[in-house]
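*Asks:* show me the folded form of this:
(chains A, B and C)
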Amino acid sequence: MTSAELKNVSYIYSRGTPFEKKAVKNVSVAFEKGKITGIIGHTGSGKSTLAQLINGLLEISEGEVFVDGQNIWENKKNIRSVRFNVGLVFQYPEYQLFEETVYKDIAFGPKNMGLDEGDIDKRVKTAAKEVGLDEALLDKSPFELSGGQKRRAAIAGVIAMQPEILILDEPAAGLDPRGRESIMKMLSSYCAESGASVVMISHSMEDIAQYCDDILVMNKGEVFFFGTTSEAFAMSGRLSLIGLAVPQVTRVLIELNKLGFDVSTSIYTVDDAVKEIEKLFGGGEKC
Amino acid sequence: MNETIIKAEKLGYTYEGDERNVRALDGVDIEIYRGEFLCVLGQNGSGKSTLAKLFNLILTPTDGVLELFGKRIEKDITDDEIFDIRRKIGMVFQNPDNQLVATIVEEDVAFGPENIGMPPAKIRETVDAALDTVGMSEYARHSPHQLSGGQKQRVAIAGIIALSPDVIIFDESTAMLDPNGRAEVMDTIKKLKNSGTTVVLITHYMEEAAEADRVAVIDGGRKVLEGTPTEVFTEREKLIECGLAVPQATELMLKLKQKGFVDTADVLTPYEAALAIAKAAGGAR
Amino acid sequence: MKDVTLGQFFPGNSIVHRTDARIKLLCVIAYIVGIFLAKSAAAYALVLVATVLLALVSSIPMSTLLKSLKPLTFIIIITSIINIFWYTAPEGAVPLVEFWKIKIYAGGLMTAVYMILRIACLIVGTSVLLTYTTSPIALTDAIESLLVPLKIIKLPVHEFAMMMTIALRFIPTLIEETNKIMAAQKSRGADFSSGGLTKRAKAMIPIIIPLFISAFRRADDLAIAMECRCYRGGSGRTKMNIKKLAPTDILLPLFTAAIIAGAVLLNKFVPFNIV
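*Replies:* Numbering: from 1, shown residues only, chains lettered A, B, ... in the order given. You can find the predicted model right below:
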């Protein structure tokens, strides 16, 4: 089941001016429900533009976008309701908190959807639980929370709309390793429990390798690669070609390969690498 | 090279709040030597930024001893004394946007020299040299908001270099940048170090710590580890306890060492790891 | 909002662009005096010709200049109506048109035309001389150095200029930030474009609060960063760029002096008026 699908989508910035620039070129991808997709690419590769095309914040120049089987631009007046179905969490989302209490802030989306009090209450509490926010924090001002808690509250505000697809732009930006890990784990379990698609834009190949099922690699506005994580790292050489760093363990294996050892370079976790390297010692051959 | 320029003994700092006080630093001993590249690692809230603020006298210690360039810092330090120390200790912050003052790159770099009353001709020279060091000369007449994050941060660094300090403290200066921006800033830091500037880099990125001469790990307001990057990285359990991570290459080597395949995990880069494995595998065969 | 051209500065290399901002600032004042001195038709013609000449020299497109007048259409219409219909005609003047209670005199028409000319020249002239051809930074510097004498009476001239510079520096950043916050709140279903006035005003809260918080945080950060760069106010500061006057800087003052002199002389010796 796909939640969102893009067909031959292009987007042109400042059309008709001297600054005209094609930010997204002929992109066709589909996001599966219950799966985590990582989007990676350099700054300016079109990743963030892509996210805003899916929820209709930006209007596509060419092609079609389907969310839940519906062409989102078929009826322009309904574009606001599309946004409830495509949850978009921007970079540093904690800078958008504004309400007096965490509860009210999380309720902002559901309230805009026009739900009744009971429904809103249920959604706020579920969302808070999903992101791991203690219920006691709900009555606090969002500005009293710690950095990590603020980030969670902001994500809960989007999750509370119960979107089919949740897109996050660098959800772990600025967090330390422990904070990164806990946000990533939270997203994994949210994806499994809600059955929604989770799409995360990230610069960290290590995070993507560890948590994503599929990878979309963007380069200069075009799809450079779209497939499963292991397929992506099977071509790690091509990834480094466009200047994307592959995980450190993969680099160790690539270096070993260069030194003349016959090891697979499509490995991206430490444990798999240990197994692969063990072969070298257990009668593996050096060519 | 072992001249101590910053020295902290049982250094402590408590933030006084309305409801409760927060003990951010709880007795840290640390020395910084002239010409070295020291990396201070720690998770958010570990007290590492408080340490930086003390070094630059944004804060003054609540207890313990702090000596900057041989001068012991007391509560009653005068503004003139602070001014003199700040000329020697520069600081680059996290958000590049929030440290640029002027609407034109070169005017911003000139801000520091103007403040200390440098003669105009000398400012011109200093600004040009500083922009050259960070590789931003061709953007001298640009407006900061037209630049990428990494470029803005390089301009901010140029603004500090223009004051020719002895030490530059980078307070999480790479945290908000994309990988390219981080690489740009790291290159600049290495260049500064090689030209004799003392560098203190505060971060939670392990790859950056790998580049340092010495690493200190701060957690819960205390120094928990100190040593060369390899010495620190191989303390896997302790790093994880401090909310940090072990670089994958080191993690791999540690696991291989545990299984007895290699006898050292002292590697900093994937290349070094591959070499060590190759050496061991070559010998095993 | 991305296309806001701040201070409406159009970079260029004309003589107007190159003239020292301090000189331009003084010339603008003189030019305004010149406009108000003009009384006779001939003097008005002189001012008009001078303004057109300035615009041509500055190479700012005429269409841009005309556009800058657009917001004033309303004021121009109102003043014209007042001048035309409420003109107190001198004794014995014959109205041009007369119907019902309304009498339109030639004098009234002329005053209206003069008024329009005056406003148009004022706007176009000051734009060409100052805002369109001077970068905001140069303008800030110019204001600071012209106000320096006021330091004697303890006015915080340096601080004022510093505030202007910082504002100019942060306006693009805050505009970008506003766009980002708007996009984020729209993603949560915020609606900024429908409903009545109160509803729309209320809809701005989710933008304004985060924006204010962010602005305060930036201000805090910036203050610390400035202190760390040894800033302690204006005393003891030097400047990298000391503005030296170039020989060509004399041209604009001569030009504006000519306008004033011309206006005065024409008023006196060619007091030609239709009325």
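
*Asks:* where does the closest residue to chain B within the stretch 1-150 of chain A land in three-state SS?
*Replies:* Of all residues in the stretch 1-150 of chain A, the one sitting closest to chain B is residue A:43 (4.8 Å; Cβ to the nearest Cβ). The way it works is simple: take the backbone N, C-alpha and C, and place the C-beta from them, glycine included. Three-state assignment for residue A:43 (DSSP: H, G, I helix; E, B strand; the rest coil): coil.

*Asks:* tally of neighbours for it?
*Replies:* By the criterion of other Cβ atoms under 10 Å in any protein chain shown, residue A:43 has 15 neighbours.

*Asks:* ok, so what distance separates it from residue B:182?
*Replies:* The spacing between residue A:43 and residue B:182, counted by Cβ to Cβ, to the nearest Å, is 11 Å.

*Asks:* mind naming the longest helix for chain C?
*Replies:* helix C:157-187 (DSSP state H).

*Asks:* which other helices and strands contact that one?
*Replies:* On a contact count with 3 or more Cβ pairs under 8 Å, 6 or more residues apart in numbering or on different chains; DSSP states H and E, helix C:157-187 meets strand A:86-89, helix C:136-147, helix C:205-228.

*Asks:* 7 Å instead?
*Replies:* Helix C:157-187 sits against helix C:136-147, helix C:205-228, with contacts defined as 3 or more Cβ pairs under 7 Å, 6 or more residues apart in numbering or on different chains; DSSP states H and E.

*Asks:* how about residue C:129, nearest residue that isn't a chain neighbour?
*Replies:* In this structure, residue C:129 finds its nearest non-sequential neighbour in residue C:28, 4.9 Å apart by Cβ to Cβ, 6 or more residues apart in numbering or on different chains.

*Asks:* which ones are touching that neighbour?
*Replies:* C:126, C:129-130 (Cβ atoms under 7 Å, 6 or more residues apart in numbering or on different chains).

*Asks:* of those residues, which is the most crowded?
*Replies:* When neighbours are counted by other Cβ under 10 Å, residue C:129 leads the contacts of residue C:28 with 28 neighbours.

*Asks:* hmm, the residue of the stretch 1-150 of chain A closest to chain B is touching residue B:177, no?
*Replies:* No. Using Cβ atoms under 7 Å, residue A:43 is not in contact with residue B:177; the gap is 9.4 Å.

*Asks:* quick one, phi/psi of residue A:38?
*Replies:* Taking degrees, to the nearest 10, you get phi -100, psi 130 for the backbone angles of residue A:38.

*Asks:* same question but for residue B:32, I mixed them up
*Replies:* The phi/psi pair for residue B:32 (degrees, to the nearest 10) is phi -120, psi 130.

*Asks:* show me the beta-bridge partners of it.
*Replies:* Going by DSSP bridges, residue B:32 is paired in beta bridges with residue B:6.

*Asks:* can you check the one 5 residues further on too?
*Replies:* Residue B:37 forms beta bridges with residue B:199, as assigned by DSSP bridges.

*Asks:* mind listing what's buried along stretch C:197-215?
*Replies:* C:203, C:206-207, C:209-211, C:214 (16 or more other Cβ atoms under 10 Å in any protein chain shown).

*Asks:* could you see whether chain B lies near that stretch?
*Replies:* No. Against chain B, stretch C:197-215 shows no contacts by Cβ under 7 Å from any Cβ of the partner chain, the least distance being 9.9 Å.

*Asks:* outside of that stretch, which residues touch it?
*Replies:* With Cβ under 7 Å, 6+ apart as the test, stretch C:197-215 has contacts from A:95-98, A:108, C:174, C:177-178, C:181-182, C:185, C:190-192.

*Asks:* could you export the residues you listed as a markdown table, including neighbour count and pLDDT?
*Replies:* A markdown table is the format used below for the contacts of stretch C:197-215 (neighbours: other Cβ atoms under 10 Å in any protein chain shown; pLDDT from 0 to 100):
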| residue | neighbour count | pLDDT |
| --- | --- | --- |
| A:95 | 20 | 91 |
| A:96 | 28 | 91 |
| A:97 | 23 | 94 |
| A:98 | 21 | 94 |
| A:108 | 24 | 96 |
| C:174 | 14 | 92 |
| C:177 | 19 | 93 |
| C:178 | 16 | 94 |
| C:181 | 22 | 95 |
| C:182 | 19 | 94 |
| C:185 | 25 | 94 |
| C:190 | 21 | 89 |
| C:191 | 13 | 85 |
| C:192 | 14 | 83 |
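
*Asks:* count of residues packed around residue 237?
*Replies:* No chain specified, so I'll use chain A. 11.

*Asks:* you answered for a different chain; I wanted chain C.
*Replies:* 18.

*Asks:* pLDDT score assigned to it?
*Replies:* Here the pLDDT value assigned to residue C:237 is 87.

*Asks:* wait, is it part of a helix?
*Replies:* No. Residue C:237: not assigned to a helix; according to three-state DSSP it is coil.

*Asks:* test my guess that residue A:132 contacts residue A:185.
*Replies:* No. Counting by Cβ under 7 Å, residue A:132 stays clear of residue A:185, with 9.2 Å between them.

*Asks:* what about the strands in the stretch 151-287 of chain A?
*Replies:* Per DSSP state E, counting those that start in this stretch, the stretch 151-287 of chain A carries strands over the ranges A:165-169, A:197-201, A:214-219, A:222-228.

*Asks:* to chain C, which of those lies closest?
*Replies:* When these are compared by Cβ to the nearest Cβ, strand A:165-169 sits nearest chain C, at 9.2 Å.

*Asks:* ok, back up a step: of the helices and strands packed on helix C:157-187, which shows the lowest average pLDDT?
*Replies:* Of all those, the minimum mean pLDDT falls on helix C:136-147 (a mean of 84).

*Asks:* who wins for proximity to chain B among the strands of the stretch 151-287 of chain A?
*Replies:* With Cβ to the nearest Cβ as the measure, strand A:197-201 is the member of the strands of the stretch 151-287 of chain A nearest chain B (11.0 Å).

*Asks:* what residues does the stretch 1-150 of chain C have near chain B?
*Replies:* Close to chain B, as judged by Cβ under 7 Å from any Cβ, the stretch 1-150 of chain C has residues C:136-137.

*Asks:* before I go, just wanted to say thanks for your time.
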